[in-house]
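> Below is the sequence, then the predicted model.
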Amino acid sequence: MANAKNIEIKAAKVAEVSEKIQKSQSVVLFDYRGLTVEEVTNLRAEMRKANVEYVVLKNAIVERAAQNAGIDDRIMSMLKGPSAFAFGYDEAVAPAKILKEFIKRTKKCEIKGGIVDGKVFSPDQVNSLADLPSRETLIARLLGSMMSPISGLAIVLNQIAKQRGAEANAE
């Protein structure tokens, strides 16, 4: 009877993790060995601010969940040793950015890889993803480049109006 209950609990956990993988824009796998409780607490707080979920899961559960979610088998090679997972729900680059900065500060942890939009990413690809600007920054740059010609036109028209006003006052 206990075995059936354990199997049921594990199946529910696999289904839950599979749903998280499908719902998230990105998942970053990393080795968390060597972190102190205080460092983990700080990392979790940083992630929470960016709507990133930090979870430590058994590799076997993640392996089954990834298979259920239709993720490439390359993820299996990354599921060796202790693994923590950062699920990014709002922004694909958020977990990678937070982890890369955290690793730079603490000189601890190691990114093992990730999943972005259902595709498996190597550690190098995850680091490259972390170097991308945030969504808000990209939107701001786009709007800035779109507004630049309009701003230039407004400045020129304003200068013309001032000149004509000065000429009218001089007469």
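Ah, there it is. Numbering: from 1, shown residues only.

> Just say helix, strand or coil for Val120.
Look at Val120: counting by DSSP: H, G, I helix; E, B strand; the rest coil, its state is strand.

> What residues of the helix or strand containing Leu99 count as buried?
Using DSSP states H and E, Leu99 sits within helix 94-106. Neighbour counts over helix 94-106 (16 or more other CB atoms under 10 Å) mark 94-100, 102-103 as buried. In short, each C-beta sits where N, CA and C put it, glycine included.

> do stretch 124-136 as well
Applying 16+ other CB under 10 Å to stretch 124-136 flags 125-127, 129-130 as buried.

> same question, stretch 52-71
52-54, 57, 61-66, 69, 71.

> Specify the angle between the helix or strand of the chain with the lowest mean pLDDT and helix 94-106 in degrees.
Of the helices and strands making up the chain, the lowest-confidence element is helix 135-170, at a mean of 73, by mean pLDDT, DSSP states H and E. Relative orientation of helix 135-170 and helix 94-106, computed by axes from the mean of the first three to the mean of the last three CA atoms, to 10 degrees: 100 degrees.

> where's helix 135-170 relative to the chain centroid, distance-wise?
Computed by CA atoms, centre = their mean, to the nearest Å, the chain-centroid distance of helix 135-170 equals 36 Å.
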